[in-house]
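Chemist: Quick check, what structure comes out for this input:
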Amino acid sequence: MATSCSGRRNIQGHPCFGGDHRKNGRIHLAVAPRCTIKCAYCTRKHDCVNESRPGVASRILTPQEALEQVRGVMASETLSSIIKVVGIAGPGDPLANEETFETFRLVGGEFPHLVKCLSTNGLLLPETVDRLGALGLGSLTITINALYPAVGAKIYSHVFYQGKRYSGAEGASLLIANQLEGLARAADLGIVVKVNTVLIPGVNDGQIEAISRKVKELGAAVMNVMPLIPQADMAHVAPPSPEYLEEVRTIGERVIGQFRNCRQCRADAVGLIGEDGVGSRCAVPAAGG
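Modeler: Numbers count the residues shown, from 1 in each chain. All right, here's what the predicted structure looks like:
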């Protein structure tokens, strides 16, 4: 993949990294069901075609099915001209699924012009980032919600790492260390990194500025502060108001650029941000059809 004069990989047109989100779209391939952590705000137990949030997918694709879906989308008169990015964002953690790497290999071999993008919790990033670099990953999103284990323990009940379960502050400490190490190594490889942070009032809102400074220091290009969607173990927590969300983003913007067009996409979204079809239900022609 080509790199810019800054040493970063060329991800021109990516709607989450400065591309015009009104003209440039993406396709998310739901090939990654397994996850390595339990977030208090996450549930993947149900699906609705009209529901748009992380962790939701109508069905899981095999790598070959994912390639067929990309072929269909790129053969579509309405979609082929706007799709710039092929991403894997779940519905679990992509790095915990070998299918992620096979999918990028298959799609990259046939559609090398599409920017490869991945979203992860970062736990497995230090041990997989070199593979991602070799596959030509252009952009990477890491969800980092805390810098202090005591705060992280309120967000993550446990993590699974190398066959062992870690709970509470111990698990959060391991996760945070791997996130920061993986971010720095990805940036060193020229992968363009965005950090997502879920704003949880009363839990991590006092850490957002510190997270901004730390991830900027390690090489992140942009940050996306997202509002909590109250569900699962945090169903009782009130989400931040739009005014408070904007206030927090403005504070972060003093340090690092803020992405404000996020719609907290499904794991099988297709099209423009905010105007999605659902990948596995989209009426796109089969390749060659």
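Chemist: how about the helices in the stretch 151-289 of the chain?
Modeler: 168-188, 208-218, 242-253 (DSSP state H, counting those that start in this stretch).
Chemist: and the ones you listed, which is most packed in?
Modeler: When you average the neighbours per residue for each of the helices of the stretch 151-289 of the chain (mean count of other Cβ atoms under 10 Å), helix 168-188 leads with a mean of 20. Heads up, the C-betas are built off the backbone N, CA and C, glycines and all.
Chemist: counting contacts, what elements does that helix pack onto?
Modeler: helix 125-134, strand 139-143, helix 149-155, strand 156-161, strand 192-199, helix 208-218 (3 or more Cβ pairs under 8 Å, 6 or more residues apart in numbering; DSSP states H and E).
Chemist: so where's this protein shaky on pLDDT?
Modeler: 1-23, 44-57, 262-267, 271-289 (pLDDT under 70).
Chemist: quick one: contacts for the most centrally placed residue in it?
Modeler: Using Cα atoms, centre = their mean, the residue of the chain that lies closest to the mean C-alpha position is Ser119, 2.6 Å off. Going by Cβ atoms under 8 Å, 6 or more residues apart in numbering, Ser119 touches 87-90, 94, 140-143, 196.
Chemist: mind redoing it with 6 Å?
Modeler: By Cβ atoms under 6 Å, 6 or more residues apart in numbering, the contact list for Ser119 reads 89, 141.
Chemist: Mind checking what secondary structure it has?
Modeler: strand (DSSP: H, G, I helix; E, B strand; the rest coil).
Chemist: Quickly note the distance from it to Tyr166.
Modeler: With distances taken as Cβ to Cβ, to the nearest Å, Ser119 is found 22 Å from Tyr166.
Chemist: go on, Asn145?
Modeler: 16 Å.
Chemist: Of those two, give the one with the bigger neighbour count.
Modeler: Per other Cβ atoms under 10 Å, whichever of Asn145 and Tyr166 has more neighbours is Asn145, with 30 against 18.
Chemist: pretty sure the more buried one belongs to a strand, no?
Modeler: No. Secondary structure of Asn145 (three-state DSSP): coil, not part of a strand.
Chemist: That one reaches Ile200, doesn't it?
Modeler: No. Assessed by Cβ atoms under 6 Å, Asn145 is found out of contact with Ile200, at 7.3 Å.
Chemist: these two touch, right, Leu67 and Gly108?
Modeler: No. Taking contacts as Cβ under 6 Å, Leu67 lies outside contact range of Gly108: 10.2 Å.
Chemist: Comparing those two, which shows the higher neighbour count?
Modeler: Between Leu67 and Gly108, counted using other Cβ under 10 Å, Leu67 has the larger neighbour count: 22 against 17.
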